[in-house]
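Enquirer: Need coordinates for the below:
(one chain, ligands or ions: 1)
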Amino acid sequence: MFSRSPWASAALRLALAQGERLNALLRLRIIDFAIAVPYHFSMELFRDKAILITGASSGIGKETALRLASYGARLGLASRNRDALEEVRAAIVKIGGQAVVLPTDVTVADQVRDAVDGTVQAFGKLDILISSAGLSMRAYFECSQLDAMERVMRVNFFGTLYATHFALPHIIKTKGSMVGLSSMTGQRGIPSYSIYGASKFAVQGFYDALRLEVARHGVHVGVLAPAFVDTPLRDNVLGPDGKPWDVQPPPPFRIWPVAKCVDYLVHLIVKRKRKALLPRFTGPLLVIDEMTGRWIGDRIVKRRFPPEENMK
Ligand SMILES: NC(=O)c1ccc[n+]([C@@H]2O[C@H](COP(=O)([O-])OP(=O)(O)OC[C@H]3O[C@@H](n4cnc5c(N)ncnc54)[C@H](OP(=O)(O)O)[C@@H]3O)[C@@H](O)[C@H]2O)c1
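Expert: Model prediction:
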């Protein structure tokens, strides 16, 4: 198809290449536009919203606070570490946002009530609660100490329960959203996550029933259930005695970037979904797992989470 003259041939190739590039650019622009317009409107939903995040000093809570502030939301930042919260607040102010620091231990009901009240006082309302405060434990039940297991339940489950209890009357007024943090360990039994998983099953069961109870008020209730996410949580996983492992047991599956987790969380709120699983394909896998009587799934998790030397 090309001319025999090398010059004409080269010119023709160049023109075709430019045409291809132009086409590709046009296609990209169209695709960008198609994605950007609804995305833009979705993000506008967060403008001037008053949002309380527990566990806002680190990991998923912190990244979510920064993201939502960049969409124009106003943030109540709750957790125990005041200095870390101040740093998050400074980063929010730097991008032109607003935030209040609310030092809170989520296992103490009065402090959680103060965090809710503090957010309402600062911004005049509460639209969204995200209960991200949590801690992980990896140990076989048979060797785990009671006080360590109780601590995990108190932070992960009661922390979410207290925040939800005090926030709900305000969120009914705004017909807002409440988001709990579950986990892949809250979807099926995984060896060495009996207690952490139980706390996440508890959050999920609580929110699943609450979702139905408060739907009549126009309140959205949803749960985000990620697999392994790249946050400091994994450096502080408790062992059987309630102290963090000296050498953390390695996660046997892919570790997801925290930004991806925040994408899912934002999508959960925008779409007012009941549950978001990260990664998404675990949904179908869990269905297959149930259909096969958990036969395949049990074999996989038993192999991937063996009883390590000091775990039992
Ligand atoms: N990372 C993962 O792989 C993963 C996977 C599935 C689910 N999740 C869940 O996602 C949530 C966030 O975890 P992350 O990965 O972001 O962990 P992270 O980086 O360790 O953050 C945990 C947050 O919880 C706060 N916190 C812990 N105990 C608290 C207490 N008693 N009172 C108030 N705040 C407390 C910590 O703040 P202070 O120290 O300042 O109190 C910190 O801000 C947790 O519920 C976790 O179980 C995480």
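Enquirer: Next SSE downstream of the helix or strand of the chain with the lowest mean pLDDT?
Expert: Least confident element among the helices and strands of the chain, by mean pLDDT, DSSP states H and E: helix 6-44 (a mean of 60). Downstream of helix 6-44, the first helix or strand assigned by DSSP states H and E is strand 50-54.
Enquirer: Pairing partners for that following strand, with directions?
Expert: Using DSSP bridges, the strands paired with strand 50-54 in its sheet are strand 74-79 (parallel), strand 128-131 (parallel).
Enquirer: Comparing the ones you listed, which comes out most buried?
Expert: Of all the strands paired with strand 50-54, strand 74-79 has the most neighbours on average by mean count of other CB atoms under 10 Å, namely a mean of 29. To be clear about C-beta, it is placed using only N, CA and C from the backbone, and glycine gets the same treatment.
Enquirer: Give me the contact status of it with the ligand.
Expert: Yes. Looking at strand 74-79 against the ligand by CB under 6 Å from any ligand atom, the contacts come from residue 79.
Enquirer: May I have that strand as PDB, with CA atoms only?
Expert: C-alpha atoms of strand 74-79 as PDB (Å, rounded to 0.1, in the frame of the first residue of the first chain):
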ATOM      1  CA  ARG A  74     -15.400  19.600  56.700                       C
ATOM      2  CA  LEU A  75     -13.900  17.000  59.000                       C
ATOM      3  CA  GLY A  76     -14.100  16.000  62.700                       C
ATOM      4  CA  LEU A  77     -10.900  14.000  63.300                       C
ATOM      5  CA  ALA A  78     -11.000  11.500  66.200                       C
ATOM      6  CA  SER A  79      -8.500   9.100  67.700                       C
END
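Enquirer: Would you tell me what the next helix or strand after it is?
Expert: Following strand 74-79 in sequence, per DSSP H and E, is helix 82-94.
Enquirer: for that following helix, which positions count as buried?
Expert: Across helix 82-94, burial judged by 16 or more other CB atoms under 10 Å covers 84-85, 88-89, 92.
Enquirer: what do you get for stretch 131-150?
Expert: Using 16+ other CB under 10 Å as the test for burial, stretch 131-150 gives 131-140, 144, 148-149.
Enquirer: wait, which of the strands paired with strand 50-54 is closest to residue 289?
Expert: The stretch from those with the least distance to residue 289 (CB to CB) is strand 128-131; that distance is 26.9 Å.
Enquirer: Residue 293 falls within a strand, correct?
Expert: No. Per DSSP: H, G, I helix; E, B strand; the rest coil, residue 293 lies outside any strand segment and is coil.
Enquirer: That one: what's it in contact with?
Expert: By CB atoms under 8 Å, 6 or more residues apart in numbering, the contact set of residue 293 is empty.
Enquirer: Centre of the chain to stretch 86-97, how far?
Expert: Taking CA atoms, centre = their mean, to the nearest Å, one finds stretch 86-97 lying 20 Å from the centre of the chain it belongs to.
Enquirer: Quick check: buried residues in stretch 245-259?
Expert: 245, 249, 251, 256, 258.
Enquirer: which residue packs closest to residue 245, ignoring adjacent ones?
Expert: Using CB to CB, 6 or more residues apart in numbering and skipping the chain neighbours, the partner closest in space to residue 245 is residue 239 (4.7 Å).
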